[in-house]
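Trainee: one predicted model, sequence on top.
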Amino acid sequence: MKNFQEEMPGKRLRIAVLLSGSGTTLQNLLDHIRQEKLAGKIVLAVADRAGVKGLDRARDANIPAETVLRNSCASVEDFSQRIFDLCRKAQVELVCMAGFLRLLRIPPDYTNRVMNIHPALIPAFSGKGYHGPHVHKAVVESGVKVTGCTVHFADNHYDHGPIILQKIVPVLDDDSAEQVAARVFEAECQAYPEAVQLFAQGKLKVEGRRVRQLP
């Protein structure tokens, strides 16, 4: 099968995508690359579960796909080292966590080079246990009027690290958790490629807890 990523002109950011499930975020990034809205090339996909659909999406796009099982590793440090060794071998410049549910230890050479997206406005509805449907159920039950998504640089804690950008969506009075999830996912599909593109253009500067967008 022809690899459309190989046909893109110019220098492209080398990206690894870490996933735990269906790979919808991987597909969104691929779609933006195909539409030439993102100057990137996905050179590696890594899953922490065997047989997930996201690995099939990667292989269908001719992306090298690997599985690193957490329970096969002695510690979170060993688990993280195996993943980042794969990234180094593939000369990955940016790691994108895409529904990746495992805690990582970020090595010094990848500090501020690992992004994550969270389906809420960090620090609200974030941290251990707040993932997937649990987030949107908590949002609806809380009675808040807005929620959204957050793209941030990952560090060694769940849903932590300097915030790159956030997008806000309304929470309507009669919304179900599923309706909120759908609205947030639409925002995610815009926010993540936007943040990756800013990184590719060298327009993100980290100053402590703040990420500044350069002109």
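Mentor: That came through fine. Numbering: from 1, shown residues only.
Trainee: tell me the helix or strand right after the strand or helix carrying His152.
Mentor: Using DSSP states H and E, His152 sits within strand 146-153. Past strand 146-153, further along toward the C-terminus, the next helix or strand under DSSP H and E is strand 163-170.
Trainee: what is the following helix or strand past that next one packed up against?
Mentor: Sequence-wise, the next helix or strand downstream of strand 163-170 (DSSP H and E) is helix 177-200. Helices and strands touching helix 177-200, by 3 or more Cβ pairs under 8 Å, 6 or more residues apart in numbering; DSSP states H and E, are strand 13-19, helix 24-34, strand 40-47, strand 94-98, strand 114-118, helix 133-142, strand 146-153, strand 163-170. For glycine as for every other residue, the C-beta is placed from the backbone atoms N, C-alpha and C.
Trainee: quick check: which of those is nearest to Val206?
Mentor: Ranking the helices and strands packed on helix 177-200 by proximity to Val206 (Cβ to Cβ) places strand 146-153 first, at 6.7 Å.
Trainee: paired strands for the closest one, with orientation please.
Mentor: Here strand 146-153 has these sheet partners by DSSP bridges: strand 114-118 (antiparallel), strand 163-170 (antiparallel).
Trainee: residues contacting the strand holding His152, please?
Mentor: 112-122, 124-126, 136, 139, 159-171, 180, 184, 187-188, 191-192, 194-195, 206, 211 (Cβ atoms under 8 Å, 6 or more residues apart in numbering).
Trainee: again, 6 Å this time
Mentor: 112, 116-122, 139, 161-171, 184, 187-188, 191-192, 195 (Cβ atoms under 6 Å, 6 or more residues apart in numbering).
Trainee: filter these to the buried ones?
Mentor: 112, 116-122, 139, 161-167, 169, 171, 184, 187-188, 191-192, 195 (16 or more other Cβ atoms under 10 Å).
Trainee: low-confidence ranges in this structure?
Mentor: 1-10 (pLDDT under 70).
Trainee: could you report the neighbour count for Leu13?
Mentor: By the criterion of other Cβ atoms under 10 Å, Leu13 has 20 neighbours.
Trainee: for it, give its distance to Ile122.
Mentor: 24 Å (Cβ to Cβ, to the nearest Å).
Trainee: element containing Asp56, please.
Mentor: Secondary structure from DSSP H and E places Asp56 in helix 53-60.
Trainee: could you give the angle of that helix to helix 24-34?
Mentor: In terms of direction (axes from the mean of the first three to the mean of the last three Cα atoms, to 10 degrees), helix 53-60 departs from helix 24-34 by 30 degrees.
Trainee: after helix 53-60, heading C-terminal, what element do we hit next?
Mentor: Taking DSSP H and E, what comes next after helix 53-60 is strand 65-67.
Trainee: the helix or strand just after that following strand packs against which elements?
Mentor: The helix or strand immediately downstream of strand 65-67 is helix 76-89, counting by DSSP H and E. Helices and strands touching helix 76-89, by 3 or more Cβ pairs under 6 Å, 6 or more residues apart in numbering; DSSP states H and E: there are none.
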